[in-house]
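In: below: sequence and its predicted model.
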Amino acid sequence: MTAPPTSPSGRAASSSQRGLLTERVARQLEHDIRSGEIAVGSKLPSERELAEHFGASRNVVREALRRLEAQHLIEVAPGRGSFVAEQSPGHARNYDALYRAGRPTVRHLIEARIPLEVEIVGLATERATAGDLDAMRVANDALLTATDVIHKARADLDFHDAIAAASGNPVLRIMLSSIGGMMFEMMLRSNSDPSIGEPGVPHHPEILEAIVARDVESARVRMREHLRLGLRTYGADLDLSLDVMARQHIDTLLRGVPSQD
């Protein structure tokens with residue numbers, strides 16, 4: 001397995017740090033599996049060995065393994081351990097590996113999201129049911145009240161998925177889901193780095209307001225401006241590969257998150 005960065009502290013991790021450590025462990029194992037460094041059918045090291053390797057707790061490793069199992073990357077055999085699973089083309093997330101093979105940058109992802117999500121929000125504004133609007137409000141409220149970056153990023157992703165569900169077009173929703181992993185990596189950055197913010201740019205509340213008002217044109221304009229923000233604020237990182245950007249930002253966040261005594 002690829003050697004991890006040095007753990008920021010030997011003390012017990014805070015809730016926020018545990019989330020970031022889980023993200024780092026899961027991303028590294030996912031990379032090693034998708035790249036073939038850990039072959040299909042191979043048994044992963046034990047939780048204790050992985051914890052020692054990554055400088056993390058067994059609870060962190062256990063949560064990372066649960067995530068890999070949910071992504072169908074590993075199979076857990078009780079009493080025997082975790083094994084790398086054969087990959088099925090039936091899972092939308094498998095497209096993530098195809099995208100990453102081309103080493104997509106932040107710019108590439110933004111350019112792909114703009115036409116996709118502007119069309120999605122237009123359809124959602126026309127078709128959203130009361131239940132769809134409630135789902136958007138729940139995700140929006142979760143983002144506004146979240147206290148750590150992992151929960152903020154998940155709520156951010158949930159908001160965009162709720163809009164895709166409201167579009168009434170399952171193909172568009174699956175297309176968006178297929179880039180969800182890369183979107184999540186960008187959202188970790190956008191929800192924790194004040195330097196990429198910009199006053200006056202529409203965000204989730206303004207987008208939701210336009211959807212509720214059934215104002216298709218306004219919803220499309222606000223989504224476009226929301227997504228284009230990164231093109232103006234990421235600076236040199238705009239043309240950095242998403243994998244590198246995410247890894248560097250997670251390590252930066254871990255250095256800045258205090259541990260619990």
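Out: Arrived safely. These numbers come from a predicted model, not from an experiment.

In: didn't Val60 look like it was pressed against Glu23?
Out: No. Counting by Cβ atoms under 8 Å, Val60 does not reach Glu23; the two are 9.7 Å apart. C-betas here are computed from N, CA, C, even on glycine.

In: tell me which helix or strand of this structure sits lowest on mean pLDDT?
Out: helix 95-101 (a mean of 73; mean pLDDT, DSSP states H and E).

In: you'd agree Arg173 is up against His160?
Out: No. Here Arg173 does not reach His160: they are 10.2 Å apart, not a contact under Cβ under 8 Å.

In: between these two, tell me which one has more neighbours.
Out: The residue with more neighbours, out of Arg173 and His160, is His160; 25 against 18, by other Cβ atoms under 10 Å.

In: what about the strands in the stretch 51-200 of the chain?
Out: 74-77, 81-84 (DSSP state E, counting those that start in this stretch).

In: which stretch in the ones you listed is the model least sure about?
Out: Mean pLDDT is lowest for strand 74-77 among these, at a mean of 90.

In: any idea how far that one is from the middle of the chain?
Out: 23 Å (Cα atoms, centre = their mean, to the nearest Å).

In: in terms of secondary structure, what does it contact?
Out: helix 58-70, strand 81-84 (3 or more Cβ pairs under 8 Å, 6 or more residues apart in numbering; DSSP states H and E).

In: out of the ones you listed, the one nearest Leu231 is which?
Out: helix 58-70 (30.2 Å; Cβ to Cβ).

In: in the closest one, what's buried?
Out: For helix 58-70, burial by neighbour count (16 or more other Cβ atoms under 10 Å) applies to Val60, Val61, Glu63, Ala64, Leu65, Arg67, Leu68.
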